[in-house]
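Enquirer: from the sequence below, what's the structure:
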Amino acid sequence: SLQISTEMSGRGRGIDNTPAWMNRGGGDAFGRAPPPGPPPPPPRGHHHRGPPPPRYHDDRRGGDRFRGPPGRGPPPPPRRPRRNNGGISFRSYEEEREWVENRRRKRLSRKSKFDQPPTPQQLATDAAVMALSNPAATDFAGIPADRNFAAVPQQTRHARRLYIGHLPPNVTEQELHVFFRSAIAEALVEKPMDGDDPILSVYINHERRFCFLEFKTVEMATACLELDGIDIHGKGKVKVKRPNDYNPAMAPKVHPSALPVLDVSRLGIISGTVQDGPNKIFIGGLHYHLSEDQVLELLQAFGKVKAFHLVKNEPESLTSKGYCFVEYADPNVTPVAVIGLNGMDLGGGKVLTARVAGERSGSLMPGPTVASTSGAAPAPPQPAAPRPDAIIISGY
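Expert: Predicted coordinates for the structure are as follows:
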């Protein structure tokens, strides 16, 4: 039985069943020393007592770093003198401030050259650069008054173009070219002998619905301003005016007798722009929902309308502001229309007010005044006698 227990315990085969706490020698069960090498790390969860662990030099990333407990590292390098971009070293803040002040004083002492006049060479160079960078300029400075502008078409381009706005959708350049060429040929009082096409080119902006018509002569472009309000194939009326780059001070002078005469009445055009003058009539008190055709039907009862403009907030708006401007083709119709339209009852509490647009007084059609031949001052106007059925309220 003793032999069996010995075999079961493992003694005799080099196996030690002694607990680890009974091993005081630091070796194994047979008394052998541990292998040489660094001491084993302390058990996790226990604080290290004794000298701090050594720090190892770490150059794996190309830097002189030291591995060790956080917060400990190599001593900082000695502070170097401050340098600016010019490579000048300063040993104190006062030395640097003195250098800055000296530099500022030197800059202020330099003589400025911005107020010196340019040299003749600089003027010649600037003139050459401007001539090359602005080939289509509209500046006529330095061009003689008797210069033939037909020989320099780029310099008259701003005066030979017209802006056409509110174009109908899906219209092509070729369609506009043919339409305006036919309209000009029909409206011309004196037909040209050669029958040449007066339009040079057409450019359309389909997104914003406008185009530019470029004519061959300034005279034809000026005469075609009367085509304002023409209806393109029944699709809508367009706006005809000068482009924004037009400068009348720099445009060539055109005598009125040299302009072609266009009879726009043959085209059934009623201009949408009423020019200021003695025949411009203001009409107020209109119903807001009245359309242009309805107002024109009322105005054409007195005569042929030359220009008409119903004021709206937006060109596409269905309602108006309740007033308009009109000009008749016959100037003799102006006083008759003013007298007939003023005080007209339209129903719904609306009564028309008509007067010449340039007048601000209470009288509608002022009569002629006779100057005094004796040199005495004219008598002041006497107030009109009240009507028998008028109600007079004192104090107002």
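Enquirer: all strands for this structure, in order.
Expert: Assigned strands in the chain, in chain order: 56-58, 65-67, 82-83, 89-90, 161-165, 199-205, 210-215, 239-241, 281-284, 305-310, 323-328, 345-347, 350-351, 353-356 (criterion: DSSP state E).
Enquirer: is it true that V311 touches S320?
Expert: Yes - if you go by C-beta atoms under 8 Å, V311 and S320 touch, sitting 6.2 Å apart. Placement of C-beta: from N, CA and C, glycine included.
Enquirer: which one of those two has more residues nearby?
Expert: S320 (19 against 12; other C-beta atoms under 10 Å).
Enquirer: residues in contact with the more buried one?
Expert: Shown in contact with S320 (C-beta atoms under 8 Å, 6 or more residues apart in numbering): 286, 288, 290, 310-312.
Enquirer: out of those, flag the one nearest to E186.
Expert: E186 lies nearest to L310 out of the contacts of S320, by C-beta to C-beta, at 26.9 Å.
Enquirer: which non-adjacent residue is nearest the closest one?
Expert: If the residues on either side of it in the chain are set aside, L310 comes closest to C324, at 4.5 Å by C-beta to C-beta, 6 or more residues apart in numbering.
Enquirer: pull the residues that contact stretch 189-200.
Expert: 160, 177, 180-181, 184-185, 213-217, 220, 260-263.
Enquirer: still on that earlier bit, and the strands of the chain as TSV, adding distance to L108 and mean pLDDT?
Expert: Output for the strands of the chain, formatted as TSV (distance: least, C-beta to C-beta, whole Å; pLDDT from 0 to 100):
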stretch	distance to L108	mean pLDDT
strand 56-58	55	53
strand 65-67	50	50
strand 82-83	25	57
strand 89-90	22	82
strand 161-165	53	94
strand 199-205	55	92
strand 210-215	55	94
strand 239-241	55	91
strand 281-284	65	93
strand 305-310	63	88
strand 323-328	64	92
strand 345-347	77	87
strand 350-351	75	90
strand 353-356	67	92
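Enquirer: mind putting those strands into CSV with mean neighbour count?
Expert: Formatted as CSV, the strands of the chain follow (neighbours: other C-beta atoms under 10 Å):
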stretch, mean neighbour count
strand 56-58, 10
strand 65-67, 13
strand 82-83, 12
strand 89-90, 14
strand 161-165, 20
strand 199-205, 15
strand 210-215, 19
strand 239-241, 18
strand 281-284, 20
strand 305-310, 20
strand 323-328, 21
strand 345-347, 10
strand 350-351, 14
strand 353-356, 18
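Enquirer: with distance to K253 as extra columns, can I get those in a markdown table?
Expert: Below are the strands of the chain laid out as a markdown table (distance: least, C-beta to C-beta, whole Å):
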| stretch | distance to K253 |
| --- | --- |
| strand 56-58 | 90 |
| strand 65-67 | 87 |
| strand 82-83 | 70 |
| strand 89-90 | 71 |
| strand 161-165 | 18 |
| strand 199-205 | 21 |
| strand 210-215 | 17 |
| strand 239-241 | 20 |
| strand 281-284 | 32 |
| strand 305-310 | 26 |
| strand 323-328 | 27 |
| strand 345-347 | 47 |
| strand 350-351 | 48 |
| strand 353-356 | 32 |
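Enquirer: could you point out which of those strands sits nearest K111?
Expert: Minimum separation from K111 across the strands of the chain (C-beta to C-beta) falls at strand 89-90, 29.6 Å.
Enquirer: for the closest one, name the packing helices and strands.
Expert: Counting contacts by 3 or more C-beta pairs under 8 Å, 6 or more residues apart in numbering; DSSP states H and E, strand 89-90 packs against strand 82-83.
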